[in-house]
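Peer 1: below are the sequence and a predicted model for it; my questions follow.
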Amino acid sequence: MLYNLRNIGIIAHIDAGKTTTTERILYYTGLTHKMGETHNGESVMDFLDVEKERGITVASAATKCSWKGCDINIIDTPGHVDFTAEVERSLRILDGAVVIFCAKGGVEPQSETVWRQADKYGVPRIAYVNKMDAIGANFLAVVDQISNRLGAQPLVLTLPVFFDDSFTGIIDLISMKYQSYSGSMGDEIVMTDIPEQYLEEAEKWRLVLLEKIAENSIALMELYYNDEVIPDSLLLEEVRQTTIAGDIVPVICGSSYRNIGVQTLLNAIVDFLPSPLDIKPTHATDLASNREIEISADNKEYFSALIFKIVSDRHVGKLAFARIYSGTVKAGSYVYNSSRDKKERIGRLVKMHANHREEIEEVSAGDIAAFIGLKDVGTGDTICHEDHPLLLESIEFPEPVIQIAIEPRTQSDQNKISDALAKISAEDPTFKISYNKETGQTLLAGMGELHLEVISERLAKEFKIDINIGQPQVAYKETITRTAEHETRYVKQTGGKGQFAHLLLRLEPAEGFEFVNKIVGGAIPREFIPAVEAGVKQALQDGTLKGYPVVNVKATLLDGSYHEVDSSEMAFRVAAMQATKDCLKKAAAQLLEPVMRVEITSPEEYTGNIIANISNRRGRMDSMEMQGGTQIIRAFVPLAEMFGYSTSLRSITQGRAAFSMEFSHYEERSLPDKNSI
């Protein structure tokens with residue numbers, strides 16, 4: 001039953017304990033018989049070689065387990081900002097999420113990023129404050145940060161209990177019982193009365209809980225104000241409804257590594273996060289009528305699904321992970337890819353458990369599965385029934401901000417590299433490949449230094465390709481600062497049929513790219529207009545300043561003429577390219593550079609040195625705050641100035657400071673010396 005299905009993601013800042021928590025969930029739900037640890041490379045979900053070596057997650061992994069009669073599809077996502085696209089595409093297709101916070105670090109930079117991504121897709125959340133056993137853990141401080149820094153309404157459902165400074169268990173504010181975890185793996189839960197020294201605090205937070213829920217529940221409000229007994233079942237249902245509505249975020253605590261609180265988290269996933277029936281219908285475009293329609297999770301409807309991840313498997317080829325939004329599909333049936341206008345056959349259907357496959361005969365609405373046999377398919381594609389073609393909203397990914405040049409060392413490596421890069425590119429939408437004609441080098445663009453390091457390691461270890469790697473370079477862009485027009489007449493006569501195209505083009509600053517056709521009276525035939533737009537887009541790939549792509553441009557086709565015999569799509573494409581290049585020369589081009597949001601955590605005595613160092617790197621301060629004797633410094637710094645920053649920060653703080661950064665935006669900068677780019 002769909003009501004007993006949960007599609008959830010585990011999201012957090014790096015090193016908050018996502019994979020460790022997922023490993024415990026798999027153990028307690030009986031899917032595994034041993035708890036794998038990330039630090040020794042034995043976790044089930046981190047199965048790539050690079051993940052085992054580094055002890056971090058770099059790709060989202062899917063699995064399925066059961067708890068209290070509910071099937072739970074889980075996607076464990078990376079925490080490092082370089083792999084934020086994995087979180088983006090996971091949240092696009094999930095119904096709920098568990099956001100994990102470190103009890104010591106609290107709301108960290110990537111915590112804010114994943115929270116904003118969840119806000120973007122309206123995903124209901126549970127907050128799990130992990131690592132309560134760590135020195136300096138402060139549960140209530142994290143609750144305050146969730147409220148103040150994320151703008152959420154946290155609802156505390158459990159409180160931590162300490163004896164002799166050791167984290168021993170939790171107080172459940174719904175049942176008002178103390179839970180301790182015994183057994184070698186914490187699989188025996190002992191329910192006892194709340195310790196006397198914690199009783200007053202527990203009653204205070206129970207009151208807060210009731211008052212917050214009573215604000216949204218008439219039934220509970222009447223019982224509360226009449227001092228009547230509130231059944232646990234009613235309280236659970238009201239918490240569930242307000243969580244699904246996005247009005248509150250239940251907060252529970254625990255220590256996954258110490259096997260405390262994970263079963264309570266599983267209960268919360270089942271009790272509070274939505275099933276496919278609880279979420280709003282998905283919007284799609286009906287291609288037959290070109291109208292927007294709503295799709296509900298119903299097996300009797302026509303089949304529709306969204307491809308959210310592609311994985312190249314050496315044994316079965318291309319694995320296409322999909323969320324089924326309506327209908328049912330069986331292995332061996334034909335489907336229509338409406339994004340690419342192609343009909344294809346699904347060879348096999350599989351359920352994924354990390355890198356292990358379990359074959360199934362069919363998959364229904366609300367579920368997640370992987371398709372084998374689809375050849376021409378990519379991330380964000382819609383597949384559906386050919387009798388009812390529709391298009392689901394695709395997935396948008398950020399543009400790469402950094403690039404490196406690579407060169408294969410041998411001729412045999414040269415022959416293998418194109419195929420390897422194509423496979424990686426199909427898996428990762430934020431990884432881009434280009435070719436520098438002047439130097440003969442292949443350029444790889446990604447979201448950060450770690451992202452490109454991981455790709456380089458995959459080329460060497462997974463595909464057995466030896467490469468030389470150049471220094472990282474910033475992915476600059478160009479834009480224009482004023483309006484410019486140019487008239488181009490392209491005429492070429494070679495004895496036979498010639499080439500003729502004439503057009504007047506205007507470029508002006510805008511947000512994003514826009515092409516406007518103002519041709520009236522058939523001055524240029526309608527069939528040549530797409531060729532003009534294609535020519536403009538192609539010319540914008542190479543700017544006039546440094547050859548970087550030109551962005552934020554509105555192109556308007558104002559006028560033109562054609563020849564009945566000599567005009568062609570190619571002629572108008574070439575003319576549009578020439579007109580665009582000439583407009584760019586007149587439009588006062590400006591260089592844009594990526595700017596990173598940087599957060600530095602440091603002892604207070606180094607604050608002055610850090611701020612001075614940021615200033616020297618053309619950075620500007622955003623905010624500062626103290627947290628328990630530690631200074632948190634936030635700033636915006638150009639990416640070009642951040643190479644080697646970790647070494648510099650260690651030097652000026654004697655190794656006592658740490659930092660994290662993520663892409664913020666592009667902004668204008670003065671043209672540097674030729675040798676600096």
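Peer 2: Perfect, thanks for sending it. Numbering: from 1, shown residues only.
Peer 1: use CA for all of it now, contacts and neighbours both
Peer 2: OK.
Peer 1: what secondary structure does Lys554 sit in?
Peer 2: For Lys554, the reduced secondary structure class is strand; criterion used: DSSP: H, G, I helix; E, B strand; the rest coil.
Peer 1: no, scratch that, I was asking about Val329
Peer 2: Reduced to three states by three-state DSSP, Val329 is strand.
Peer 1: list the contacts of stretch 346-355.
Peer 2: Contact with stretch 346-355 is made by 44-47, 61-64, 330-335, 357-363, 368-374, as judged by Cα atoms under 8 Å, 6 or more residues apart in numbering.
Peer 1: now do 7 Å
Peer 2: Under the contact criterion Cα atoms under 7 Å, 6 or more residues apart in numbering, stretch 346-355 has outside partners 44-45, 47, 61-64, 331-334, 357-362, 369-374.
Peer 1: next one: stretch 421-435
Peer 2: Residues outside stretch 421-435 that contact it (Cα under 7 Å, 6+ apart): 85, 309-312, 378, 397-400, 441-447.
Peer 1: in helices, which of those residues appear?
Peer 2: Of those, the ones assigned to helices by DSSP state H are Ala85.
Peer 1: cross the contacts of stretch 421-435 against strands and list the overlap.
Peer 2: Using DSSP state E to define strands, the subset of the contacts of stretch 421-435 located there is 309-312, 441-446.
Peer 1: identify the farthest-apart pair in these.
Peer 2: Lys309 and Gln441 (28.8 Å; Cα to Cα).
Peer 1: higher neighbour count, these two?
Peer 2: Counted by other Cα atoms under 10 Å, Lys309 and Gln441 do not tie: Lys309 has more neighbours, with 23 against 16.
Peer 1: mind listing what the more buried one touches?
Peer 2: In this structure, Lys309 makes contact with 320-321, 379, 427, judged by Cα under 7 Å, 6+ apart.
Peer 1: as JSON lines, the residues you listed with distance to Lys280 and secondary structure would be great.
Peer 2: What follows is the contacts of Lys309, written out as JSON lines (distance: Cα to Cα, whole Å; DSSP: H, G, I helix; E, B strand; the rest coil):
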{"residue": "Ala320", "distance to Lys280": "25", "secondary structure": "strand"}
{"residue": "Phe321", "distance to Lys280": "22", "secondary structure": "strand"}
{"residue": "Thr379", "distance to Lys280": "23", "secondary structure": "coil"}
{"residue": "Glu427", "distance to Lys280": "29", "secondary structure": "helix"}
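Peer 1: where along the stretch 501-650 of the chain do the strands fall?
Peer 2: Assigned strands in the stretch 501-650 of the chain, in chain order: 513-517, 553-561, 589-603, 620-627, 630-638 (criterion: DSSP state E, counting those that start in this stretch).
Peer 1: tell me what the fourth one is packed against?
Peer 2: Translated: strand 620-627. Where contact means 3 or more Cα pairs under 7 Å, 6 or more residues apart in numbering; DSSP states H and E, strand 620-627 is packed against strand 630-638.
Peer 1: taking strand 589-603 as reference, get the angle to the strand it packs on.
Peer 2: With axes from the mean of the first three to the mean of the last three Cα atoms, to 10 degrees as the basis, strand 630-638 and strand 589-603 are set at 170 degrees to each other.
Peer 1: would you mark the buried spots in strand 630-638?
Peer 2: 631-638 (16 or more other Cα atoms under 10 Å).
Peer 1: put together CSV for these, with pLDDT and distance to Ala612 on each row.
Peer 2: Compiled in CSV, the buried residues of strand 630-638 are given as follows (pLDDT from 0 to 100; distance: Cα to Cα, whole Å):
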residue, pLDDT, distance to Ala612
Gln631, 87, 15
Ile632, 89, 15
Ile633, 93, 12
Arg634, 93, 13
Ala635, 95, 12
Phe636, 95, 14
Val637, 94, 13
Pro638, 92, 15
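Peer 1: who wins for proximity to His385 among the strands of the stretch 501-650 of the chain?
Peer 2: Put simply, out of the strands of the stretch 501-650 of the chain the one that sits nearest His385 is strand 513-517, at 32.4 Å, with distance taken as Cα to Cα.
Peer 1: which residues does the closest one contact?
Peer 2: Counting contacts by Cα under 7 Å, 6+ apart, the residues outside strand 513-517 that touch it are 533, 551-557.
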